[in-house]
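Undergrad: fold the following.
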Amino acid sequence: MVRLRGHHLLCLLTFVGEGYTPAFTRNYLRIAGRISSGEAIEIVEGPDDICAPMLDVPEAHCRNDSTLDRDEKALAAVADLLGLSLTPGSILRLDSERLERLRAAFAAGSVRAACEECEWAQFCTRIARDGFADALVKAKRL
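TA: Coordinates of the predicted model:
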């Protein structure tokens, strides 16, 4: 099971193979493959499987209060959109219908309150504007 914090539910929508460090990117590529193959996601509070390569980096934002706030905003938006109760410990599978709904809402801006202060926001906007063509997380039809 892939362990993800709230805001990474949004980040995975636009992941195209770029990241903070080569180790971070390699790790994220593996996680994108696991999610694409249908592996379940467990919602966690705080650092998750994507954060793992950054936890020894002193300036990493993984434990900042602002990042925890971003997690809460993203989790609430995703839960509302999907009509689910999502809290730490919840299990989620991203089938193609859910992924399409999330990407449509992301492109429309309706689930992006958590992205307001993110350094990647403009980059992700471009990916969404291009129809997520190069995004690496895919989903199976269930």
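Undergrad: okay, strands next: where are they in this structure?
TA: With strands called from DSSP state E, the chain shows them at 2-4, 41-43, 91-92.
Undergrad: CSV please, covering the ones you listed and showing mean neighbour count and mean pLDDT.
TA: Heads up, the C-betas are built off the backbone N, CA and C, glycines and all. Below are the strands of the chain laid out as CSV (neighbours: other C-beta atoms under 10 Å; pLDDT from 0 to 100):
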stretch, mean neighbour count, mean pLDDT
strand 2-4, 20, 98
strand 41-43, 20, 98
strand 91-92, 14, 97
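Undergrad: same list (those strands) but as TSV, adding distance to F24.
TA: Formatted as TSV, the strands of the chain follow (distance: least, C-beta to C-beta, whole Å):
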stretch	distance to F24
strand 2-4	15
strand 41-43	19
strand 91-92	23
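Undergrad: nearest to D130 among the ones you listed would be which one?
TA: strand 2-4 (23.9 Å; C-beta to C-beta).
Undergrad: next one: the closest one to chain centre, how far?
TA: Remark: strand 2-4 is offset 10 Å from the chain centroid, using C-alpha atoms, centre = their mean, to the nearest Å.
Undergrad: tell me the strands beside that strand, with direction?
TA: Sheet pairing of strand 2-4 (DSSP bridges) gives strand 41-43 (parallel).
Undergrad: farthest residue from the center of this protein?
TA: Taking C-alpha atoms, centre = their mean, the residue of the chain most remote from its mean C-alpha position is P58, at 22.2 Å.
Undergrad: L68 versus that residue, what's the distance?
TA: Going from P58 to L68 by C-beta to C-beta, to the nearest Å gives 18 Å.
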